[in-house]
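Asks: Following is a predicted model, sequence given first.
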Protein chains: 2
Amino acid sequence: MTPLPMRAAERAQLAMMLEVCAFPKPGNVDRCHDYADTRLEHFLASTIFSRPALEEAERGEGRIGEIIKHAVQLMSIHGGGNTHFGAFILLIPLVYGGDIAGARRAIEKTDVSDAVAFYKAFGMTRVRMHASDDLDVNDPATLAKLRDRDITLLDVMQHSAANDMVAREWVTGFPLTRRGADLLRQSGPGRESIVQMFLALLATEPDTFIVKKHGRDVALETMRKAQEVLNGARPVETLDEECIALDINPGSIADITIAAIFVALGEGWEWDS
Amino acid sequence: MTPLPMRAAERAQLAMMLEVCAFPKPGNVDRCHDYADTRLEHFLASTIFSRPALEEAERGEGRIGEIIKHAVQLMSIHGGGNTHFGAFILLIPLVYGGDIAGARRAIEKTDVSDAVAFYKAFGMTRVRMHASDDLDVNDPATLAKLRDRDITLLDVMQHSAANDMVAREWVTGFPLTRRGADLLRQSGPGRESIVQMFLALLATEPDTFIVKKHGRDVALETMRKAQEVLNGARPVETLDEECIALDINPGSIADITIAAIFVALGEGWEWDS
């Protein structure tokens, strides 16, 4: 049978599924490793249940901020906490726009209503964010401040970009997503390329999720160790064990990995070989 | 956040995902084991991409045979061969009817058009079926015979029931599906119960997929070994290794396991604990 054409929403789900199954991904949930409270099944349930929000993005119905909020709501199907918030921040505009250029156009059009919806989505999660303190997610007065100052969702991301590499993708035009997609195509078809791409991104910039949890030194050390894995000086399994032992999980690189798989699939990269 | 209500189509996808992730399931693809040509990602891709067909069943749009055919077409998203044909035969009427009683009513209403669509779906796969020889799936004259004799899809399943336990579920009112769902609820919440239920079903009747591939003696021997696992006389890992070494995979029990998870979820069994 000839494969059927793939819809953008399905392509996003496929990217989420392929990312979490790929192994070994040092420190993260993968086919061979769960965390006690967040397991493979939680990531896959979120992948399945996010479809209505991804379809809204595909149809271009409604606004980016509301669609991200909807996706975060759908994530509550499981009790595994935040599995895909960062991934949705990247995927929703990518699905909405179809590719990176389209995502950039969609992001330019965000307004204060997107920012308000995004902050409400944030309030539903236990995710850490280093926005400027006077736009604290946990402060009920923040929504009024957003409205008073007419702050767009792109503005919010600009506030956060210095400390959050997912927000930085929005502000700078998805450079790591682009790089990850290019790496996938260079590595060739098949799931092994996902691990190579993940390691290459991990070796490129300190993961800001690790920074928030363990500080910048730990993130830089993890980056250097990923470089050693790429150079053949350290087995990937060793880095995986070290990360797990110290509860170091490169969650933001995982989010960008998902976005990169989505883009690469749209450009003809073959996952199934 | 309070979990959102689950749609029947999503419940079916969740059942497919939970079944393939559960491990160890002797001889089958699971979290820790792929076959060379059929891998975990193929099962999960089929789970994601079958959604439009499952939604048709949920809405009660169209006929059971056509919906099964549609689901089989969607399975061609991956190159891993038949991952879910037997599961769809059980899930489509269950989603259509909402539960076992509803599925039985839906099955009673099948007619010759369902049988024709089903045979066309069959032609797209490489699945073995022991229907009566004069209704050979590979014989182009079979469709005309179905129409001439006004054979319904339930009739087709009756022809096949002696040699196919999935067809037998249709004809006999889903007794193993019912038993699996009861076992899940007795075992309690969480993914470990799925493995227990799978083993209990495997110890109950010889898997007809194994019979078709290796003969009845091998299927009976596998059943007896599953009983030993349940009695504590044989480690489950040993049975898994033996099955893999001999290419014995209990695919029909896996199909019924999926149907049983679907039913149990609808009756309040909790997967996420």
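Replies: Here it is on my side, so go on. Numbering: from 1, shown residues only, chains lettered A, B, ... in the order given.
Asks: next one: phi and psi at A:Asp30?
Replies: phi -150, psi -170 (degrees, to the nearest 10).
Asks: How about A:Arg63?
Replies: Per degrees, to the nearest 10, the backbone of A:Arg63 is at phi -110, psi 150.
Asks: Check whether it really touches A:Val116, as I assumed.
Replies: No. Using Cβ atoms under 8 Å, A:Arg63 makes no contact with A:Val116, being 10.2 Å away. From N, CA and C alone the C-beta is placed, and that goes for glycine too.
Asks: Per-residue pLDDT of the closest residue to chain B within the stretch 51-200 of chain A, please?
Replies: In the stretch 51-200 of chain A, the residue that lies nearest chain B is A:Ser76 (3.6 Å; Cβ to the nearest Cβ). Listed pLDDT for A:Ser76 reads 90.
Asks: Tell me where the model's unsure across chain A.
Replies: A:1-4, A:126-133 (pLDDT under 70).
Asks: Which residues of it lie near chain B?
Replies: A:1-4, A:6, A:10, A:13-14, A:17-18, A:21, A:31-32, A:40-42, A:44-45, A:47-49, A:51, A:73-74, A:76-80, A:124, A:191, A:271-273 (Cβ under 8 Å from any Cβ of the partner chain).
Asks: Backbone dihedrals for the residue of the stretch 51-200 of chain A closest to chain B, please?
Replies: Taking degrees, to the nearest 10 as the convention, A:Ser76 sits at phi -70, psi 0.
Asks: Wait, it touches A:Ala121, no?
Replies: No. The criterion here is Cβ under 8 Å, and A:Ser76 misses it with A:Ala121 at 11.2 Å.
Asks: Quick check on those two: which one has the bigger neighbour count.
Replies: A:Ala121 (24 against 15; other Cβ atoms under 10 Å in any protein chain shown).
Asks: Which one's more surrounded, A:Arg63 and A:Val116?
Replies: A:Val116 (21 against 18).
Asks: can you pull the contacts of the more buried one?
Replies: By Cβ atoms under 8 Å, 6 or more residues apart in numbering or on different chains, A:Val116 lies in contact with A:65, A:143, A:146-147.
Asks: Let me know the helix or strand that it is in.
Replies: Element membership for A:Val116, per DSSP states H and E: helix A:112-124.
Asks: any idea which helix or strand comes after that helix?
Replies: helix A:142-149.
Asks: tell me what that following helix is packed against?
Replies: For helix A:142-149, the packing partners by 3 or more Cβ pairs under 8 Å, 6 or more residues apart in numbering or on different chains; DSSP states H and E come out as helix A:112-124.
Asks: Return the distance of the helix it packs on from the chain's centre.
Replies: 17 Å (Cα atoms, centre = their mean, to the nearest Å).
Asks: And stretch A:140-154, by the same measure?
Replies: With Cα atoms, centre = their mean as the basis, the mean position of stretch A:140-154 lies at 24 Å from the chain mean.
Asks: residues in contact with it?
Replies: With Cβ under 8 Å, 6+ apart as the criterion, stretch A:140-154 contacts A:64-65, A:107-108, A:110-112, A:114-116, A:118-120, A:134-136, A:156, A:170-171.
Asks: what about 6 Å?
Replies: A:65, A:107, A:110-112, A:114-116, A:118, A:135-136 (Cβ atoms under 6 Å, 6 or more residues apart in numbering or on different chains).
Asks: Can you pick out the most distant pair from these?
Replies: Spatially, the most separated pair among the contacts of stretch A:140-154 is A:Ile107 and A:Asp136, at 23.1 Å (Cβ to Cβ).
Asks: Of these two, give the one with the bigger neighbour count.
Replies: Under the criterion of other Cβ under 10 Å, the comparison of A:Ile107 against A:Asp136 puts A:Ile107 first, with 22 against 14.
Asks: Wasn't that one part of a strand?
Replies: No. Going by DSSP: H, G, I helix; E, B strand; the rest coil, the assignment for A:Ile107 is helix, not a strand.
Asks: show me the residues around it that make contact.
Replies: A:93, A:154, A:170.
Asks: Scan these and report the most crowded one.
Replies: A:Pro93 (27 neighbours).
Asks: Check whether the closest residue in space to A:Ser160 that isn't next to it in sequence sits in a helix, strand or coil.
Replies: Leaving out its chain neighbours, the residue that sits closest to A:Ser160 by Cβ to Cβ, 6 or more residues apart in numbering or on different chains is A:Ala167, at 3.9 Å. Here A:Ala167 is recorded as helix under three-state DSSP.
Asks: Quick check: A:Ala167 vs A:Ser252, distance?
Replies: 10 Å (Cβ to Cβ, to the nearest Å).
Asks: out of those two, which sits in the busier spot?
Replies: For A:Ala167 versus A:Ser252, the count of surrounding residues by other Cβ under 10 Å is larger for A:Ser252: 27 against 24.
Asks: secondary structure element for the more buried one?
Replies: helix A:251-266.
Asks: If you count neighbours, what's buried in that helix?
Replies: By neighbour count with 16 or more other Cβ atoms under 10 Å in any protein chain shown, helix A:251-266 contains the buried residues A:251-266.
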